[in-house]
Every structure is written in C-alpha cells, then in structure tokens.
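A.B. asks: I would like the atomic coordinates for the input below:
(one chain, ligands or ions: 1)
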Amino acid sequence: MSDSEEESQDRQLKIVIIGDGACGKTSLAMRFAQESFGKQYKQTVGLDFFLKRITLPGNLNVTLQVWDIGGQTIGGKMLDKYIYGTQGVLLVYDITNYQSFENLEDWFSMVKKVNEESETPPFIALVGNKIDLEHMRTVKADKHQRFCQENGLGSFFVSAKSGDSVFLCFQRVAAEILGIKLNKAEIEQSQRVVKADIVNYSQEPVTRMVNPPRSSMCDIQ
Ligand SMILES: Nc1nc2c(ncn2[C@@H]2O[C@H](COP(=O)(O)OP(=O)(O)OP(=O)(O)O)[C@@H](O)[C@H]2O)c(=O)[nH]1
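C.D. replies: Now for the predicted structure:
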C-alpha cells in the first residue's frame, strides 16, 4: 500500500471535554494524549487542544482532536462555537464534588441547544473522574447511571491521576462514533491496572490509633 493510500485511511474526530472548573478535564486530556499527570491546578482559559492517533479494530487509524474547554466558559459567548460540529462530547464531573455533577445539567443543555438542528448529533458520554478518591465520593454511582439512562449517554468512571480507564474511555467514544464494536479482549487490553502501594498500618497497636486511617488495606497514590 502506498503512503498516500495509508494516510487516506486516517479519520479525524473532534471530541470536546466540558464540565465544571477543576473537575479534571485538562488532566484527562493530558493523561490520554501525553501519558502524564500534574498535581498542580492551572486553570484553562478559553480552550486547549490535544491530538492523539489511535488504532481501532480493523487497523483503522483515527486521530482524535481533543478540545479541552475551560470550566469558566459556561455562560460565555464562545462555548457554542467550541461545541459546534463535534462528533463526541465528554461531560466530566468530579465524583468527590456533588456540585460539579449537578452543574452538568447546564453543560448538557448547552450541548443539546447547539445540536438542536444537527442531522448527526454527537455521541455524548458521562464521565465521573477522580475514582482514585473513592473514599471521598459524594456522587453515588446510581445517580450517575440514572442520568445516563434518562439521557441515553455513554458511561465511564475514570482517574486521570492513576490513568484508570482513561484510554478505554476515549477509545470507546471513538469506536461508538464510527459504529465499531470493540470485543472483550480489546476492552480488557485498554484497561490500565491501578497501581497502589500497600501501606501496612498494622505495625501500630490498634489501641494507640487516635485517628484511624481511612483505608486499612491500601492507599492509591
Ligand atoms: N486525585 C485526583 N486529582 C485529579 C484528577 N484529575 C485531576 N485532578 C486534580 O484536580 C485539579 C484540577 O484538574 P484540571 O485538570 O486542571 O481541571 P480542569 O477541569 O481542566 O479545570 P479548568 O481548567 O478550570 O476547567 C488538579 O489539581 C489536578 O491535579 C484525578 O483523577 N484524581
């Protein structure tokens, strides 16, 4: 196959990431596109772009154009322009921040409004981020599932910090947009194992523990 034939197989997909400030949108994009994570919070002003090429079953190369939209753009003039024409939307919230989940109604309304007259509406997924902080969860998983069922959304729980399910999320969204079914082996291959250091708390006599640790088995670092 010639180079030009190979290139012509590449598809470009636009995926926007929206949701409240500090829920982890930039971190998800960086984890997916650059395999990195930063603890420091730096607010996104306007938007940032990330590009990543992935291969879907059938040797289909797809370049994902990820639009990381700043949380402060809600209510601004530019948001509808950023969302317009997108094929995929990740509606992200922080599982430890209930307000970020509630506010998704507003983000979702904006997506629906922009696509009111679209013949090819985007594939939309609800993404609960920061699952490494499960012990601090304030948004129950059944609330998440109900929102997905009521609105026909894809559903993901991820951690930009540990990388858990991040690649899988983007891969499945791309596959859904293109109408490709991933088999079990392909899904399992994309699921990253969460690395956790075992912390042995049992060295301290139980009677001396004034503030017991939140988890007695392991901490996810
Ligand atoms: N523990 C944990 N922290 C995370 C995770 N994802 C993001 N963070 C932290 O949350 C803070 C906000 O992350 P960002 O990715 O900048 O959030 P954002 O949604 O892009 O924020 P805006 O730019 O304001 O829209 C940062 O301090 C990140 O390190 C995660 O999965 N787990």
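A.B. asks: Going by C-alpha atoms from here, please, whenever you check contacts or count neighbours.
C.D. replies: Noted.
A.B. asks: contacting residues around E176?
C.D. replies: For E176, the contact set (CA atoms under 8 Å, 6 or more residues apart in numbering) comprises F123.
A.B. asks: Got the confidence number for it?
C.D. replies: pLDDT, E176: 96.
A.B. asks: That one in helix, strand or coil?
C.D. replies: At E176 the chain is in helix, as set by DSSP: H, G, I helix; E, B strand; the rest coil.
A.B. asks: Which stretches in this structure count as helices?
C.D. replies: 3-8, 25-34, 79-83, 98-102, 104-114, 141-151, 166-177, 184-190 (DSSP state H).
A.B. asks: Alpha carbons of the fourth one, as PDB, please.
C.D. replies: So that's helix 98-102. Written as PDB, here are the backbone C-alpha positions of helix 98-102 (Å, rounded to 0.1, in the frame of the first residue of the first chain):
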ATOM      1  CA  TYR A  98     -21.500  17.000  44.100                       C
ATOM      2  CA  GLN A  99     -21.900  20.500  42.700                       C
ATOM      3  CA  SER A 100     -19.800  19.500  39.600                       C
ATOM      4  CA  PHE A 101     -22.400  16.700  38.900                       C
ATOM      5  CA  GLU A 102     -25.400  19.000  39.400                       C
END
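A.B. asks: any low-confidence regions in this protein?
C.D. replies: Residues of the chain that meet the criterion pLDDT under 70 lie in 1-9, 190-221.
A.B. asks: Cool, thanks, signing off.
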